[in-house]
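Student: A predicted structure for the sequence below; I have some questions about it.
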Amino acid sequence: MDISTQTTDASPPTPEPSVAQLKGNARGATRPGDRIFLGLSRGSGILLLVIMAAIAVFLTYRASLAISKDHGNFLTTFEWNTNLTPPSFGIAVLAFGTVVSSIIAMALAVPVAVAIALFLTHYAPRKLSGPIAYVIDLLAAVPSIVYGLWGALILVPHMQGLYGWLNDYLGWTGIFSWDGGAPRAMLTVGILLAIMILPIITNVSREVFRQVPRMHEEAALALGATRWEVVRMSVLPFGRSGVISASMLGLGRALGETMAVATVLSPSYDIQASLLDPGGGTFAQNIASKFGEATEQGRDALIASGLVLFVITLLVNGAARAIIARRKEYSGANA
Amino acid sequence: MSNALVTDKRPSTLRAASLPKWTPYAIAAGSLALGIGISAAADLHSKIQWGLIAAILFVLGTYGIAARVEGRRQAKDRVATSLVWVAFLVALIPLVSLVWVTISRGVKVLNVYFLTHSMGVVADSEPGGGIYHAIIGSLEQVGLATLIGAPIGVMTAIYLVEYGRGRLASAVTFFVDVMTGIPSIVAGLFILSLMLIFKMQPFGFAGSLALAILMMPVVVRSTEEMLKLVPNELREASLALGVPKWRTILKVVLPTSIGGITTGIMLAIARIAGETAPVLLLVFGNPFINNNPFEGAQASLPLYIYQQYSQSAGANAAYDRAWAASLTLIAFVMILNLVARGIARWKAPKAGR
């Protein structure tokens, strides 16, 4: 990097050309071509910022139109009657359903994903782990509507047995009591979401586990640690923040998932204590299901609920990024 | 850990007692047989339950046997190993089932007729019809989204890597990260709010705009990674020869990283091709062929799957079509993925790292 970055044109001489100027500022942009190119690329960057701002502004604007007409309380009303005059709707049920289904999904997916990531990096035979990682990569690309179709037509019938079993043995808790309806309730949604976010969490965790310094592992092995002790003492502590951020990314997906929930859940506007009784809804599912029948007023109300979802996912993703950012940035070129 | 060593009361030979190599297999076979036996005796029908019982027996059996013979540390190690294996196998069940069902049910009605006909005069509950209109819609919407999203994404990445310093760049970096996490339905709602303001009816290009918003951050991220891999020596050599910076970027930096950039764009295309939610809100779906993405409702493959499922009231013909369309969509996405990875391997920057 200590090569002089002077170009041959007659740019005004600067006293001391600094290292940063190679990649840095607009000093090179004295020629028209440079100026245009810099303008274009900076313009695209600014455009992205403008889009983000526009999303926030326009959603807020339409949402405010809807909320000002809302006869119920937007935060606590248990219904979604947007075509009435005056309309009455609230996000309480949606917020509850979104949080519950995501919690179930995370509780199921994170341990399994971490285990699979460990399997691929530390347990699987070398010959197997490459192809399996590749297949999991591909599975992350399967469109969510296909998961939705599979969930509704294959997973739901298979849940019947599990629901019955949970009701028989854990029904007394209240959380797992079942009235015998179609198993299209929060638990099924949570399981389907877990299956969907599994590949993403696995992929990111695997990348992190792969970066564990070999020396840490070998030092533990040399002290006589078993493989599990190596994992517990050197791999997991090193990968903890990576796993957390991977989980947050998965959580972001689960919160915003639309089609898979819309196909599987049979929604209603009340909150059930039991995870097995049909009830509740999620933000994204409600938007997809109610959109068809919504008037302009109804669409504004849906936009208002979308705004809440937007803010929630921003917070979750922001937290994930903050955790990642605490890890040292690593770039390949001349690092 | 050292405590365990000290309190170990086994005879002090150099090699501790250990189970033979075939033990895990034997325990697996035993617990499988026992699991099936118990399930059959308890009259459980679901094979998933059989598997779960066998898995639990396997983990417990491993711990018991290993703790007796090898000591507790080794037993824990074996349990961890078997848990990791069990987690992997359990996770395989739904994923394999998904792929298997899609393929086996999808091939039923998937043929040339299916690919070249629309649903124009076919009721949702009747057999017949096809996905031609949906393929046209998908290709046009995704194509337009790529035309908008890919150049903006690549240029933004160039700005961040080649020029980016200071507040604007860090703001862009941060918001690209944030944008990656936007749920697709929110992007759809954003365009919908614009359409409500301008009183527009659903049309294909509106869907493209939402898809482009979803695509941009993905392209920026992957392109950025690729540009960072280009060695600075190449840039310096070019600049030292007096080549202007913009020509250096166009003629040196981009060609070096073009493989990775293409891969990133194709993966982004694969991602947006499967998006349903924004298309549902903005393009609305249409059983007839509409070749014009700028006017009138269009169909798209993921939306077609959803509508075949949700509007058919359980008709088998519609489910068959939904599976066949899923298979088409998955095949499209997978081919894009495979080609993208092929390009990445073929064009990988040789001087990088």
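Tutor: Right, received. Where do you want to start?
Student: Select the longest helix from chain A.
Tutor: The residue-count maximum for a helix in chain A (DSSP state H) belongs to helix A:32-69.
Student: Which positions in it come out as buried?
Tutor: A:34, A:37-38, A:40-42, A:44-45, A:48-49, A:51-52, A:55, A:58-60, A:62-63, A:65-67, A:69 (16 or more other CB atoms under 10 Å in any protein chain shown). From N, CA and C alone the C-beta is placed, and that goes for glycine too.
Student: close to chain B, is the host helix or strand of residue A:260?
Tutor: Secondary-structure assignment from DSSP states H and E places residue A:260 in helix A:259-264. Yes - using CB under 8 Å from any CB of the partner chain, helix A:259-264 reaches chain B at A:259, A:262-263.
Student: Check stretch A:54-63 too.
Tutor: Yes - using CB under 8 Å from any CB, stretch A:54-63 reaches chain B at A:54-55, A:58-59, A:61-62.
Student: Just give me the closest of those residues to residue A:202.
Tutor: Ranked by distance to residue A:202 (CB to CB), the residues of stretch A:54-63 next to chain B are led by residue A:55 at 30.0 Å.
Student: residues touching the closest one, list them.
Tutor: By CB atoms under 8 Å, 6 or more residues apart in numbering or on different chains, the residues touching residue A:55 are A:310, B:182, B:186-187, B:190, B:213.
Student: Please repeat the previous calculation with a cut-off of 10 Å.
Tutor: A:306-307, A:310, B:179, B:182, B:186-187, B:189-191, B:193, B:213 (CB atoms under 10 Å, 6 or more residues apart in numbering or on different chains).
Student: quick check, distance from stretch B:303-316 to the centre of its chain.
Tutor: Computed by CA atoms, centre = their mean, to the nearest Å, the chain-centroid distance of stretch B:303-316 equals 23 Å.
Student: Any idea how far apart the tips of it sit?
Tutor: With CA to CA, to the nearest Å as the measure, the ends of stretch B:303-316 fall 18 Å from one another.
Student: low-confidence ranges in chain A?
Tutor: A:1-30, A:326-335 (pLDDT under 70).
Student: And the helices in it, which stretches?
Tutor: A:32-69, A:92-118, A:126-139, A:144-150, A:156-170, A:186-210, A:214-222, A:227-230, A:236-256, A:259-264, A:283-291, A:296-326.
Student: wait, which of those is closest to residue B:77?
Tutor: Within the helices of chain A, the stretch nearest residue B:77 is helix A:227-230; the backing value is 4.1 Å (CB to CB).
Student: which secondary structure elements does the closest one contact?
Tutor: Helix A:227-230 sits against helix A:214-222, helix B:72-106, with contacts defined as 3 or more CB pairs under 10 Å, 6 or more residues apart in numbering or on different chains; DSSP states H and E.
Student: Which residues belonging to it are considered buried?
Tutor: A:227-230.
Student: do stretch A:77-93 as well
Tutor: Buried, per 16+ other CB under 10 Å, within stretch A:77-93: A:77-78, A:80, A:82, A:87-93.
Student: hmm, that stretch touching chain B?
Tutor: No - residues of stretch A:77-93 are not located near chain B by CB under 10 Å from any CB of the partner chain, the shortest gap being 13.7 Å.
Student: Can you name the residue of the stretch 1-150 of chain A nearest to chain B?
Tutor: Per CB to the nearest CB, residue A:143 is where the stretch 1-150 of chain A lies closest to chain B, at 2.4 Å.
Student: quick one: residue B:251 from chain A, how far?
Tutor: Noted for residue B:251: a distance of 12 Å to chain A, by CB to the nearest CB, to the nearest Å.
Student: now that residue, what's its secondary structure?
Tutor: helix (DSSP: H, G, I helix; E, B strand; the rest coil).
Student: show me the contacts for it.
Tutor: B:238, B:243.
Student: What does residue B:284 show for phi and psi?
Tutor: phi 80, psi -30 (degrees, to the nearest 10).
Student: To what extent is it buried, counted in neighbours?
Tutor: Look at residue B:284: counted by other CB atoms under 10 Å in any protein chain shown, it has 22 neighbours.
Student: hang on, the earlier thing: make JSON lines from the buried residues of helix A:227-230 and add distance to residue B:322 to it.
Tutor: Listed next are these as JSON lines, based on distance: CB to CB, whole Å:
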{"residue": "A:227", "distance to residue B:322": "45"}
{"residue": "A:228", "distance to residue B:322": "45"}
{"residue": "A:229", "distance to residue B:322": "49"}
{"residue": "A:230", "distance to residue B:322": "47"}
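Student: which one of those is nearest residue A:104?
Tutor: Of these, the one sitting nearest to residue A:104 (CB to CB) turns out to be residue A:228, at 27.7 Å.
Student: Count the residues that sit near residue A:131.
Tutor: Around residue A:131 there are 10 residues (other CB under 10 Å).
Student: picking up where we left off before, and the helix holding residue A:260, how far from the chain's centre?
Tutor: Distance, centroid of helix A:259-264 to centroid of chain: 16 Å (CA atoms, centre = their mean).
Student: Over to stretch B:217-237?
Tutor: Relative to the centre of its chain, stretch B:217-237 is centred 24 Å away, using CA atoms, centre = their mean.
Student: That stretch vs chain A: in contact?
Tutor: Yes - Stretch B:217-237 lies within reach of chain A by CB under 10 Å from any CB, at B:217, B:220, B:224-225, B:227-237.
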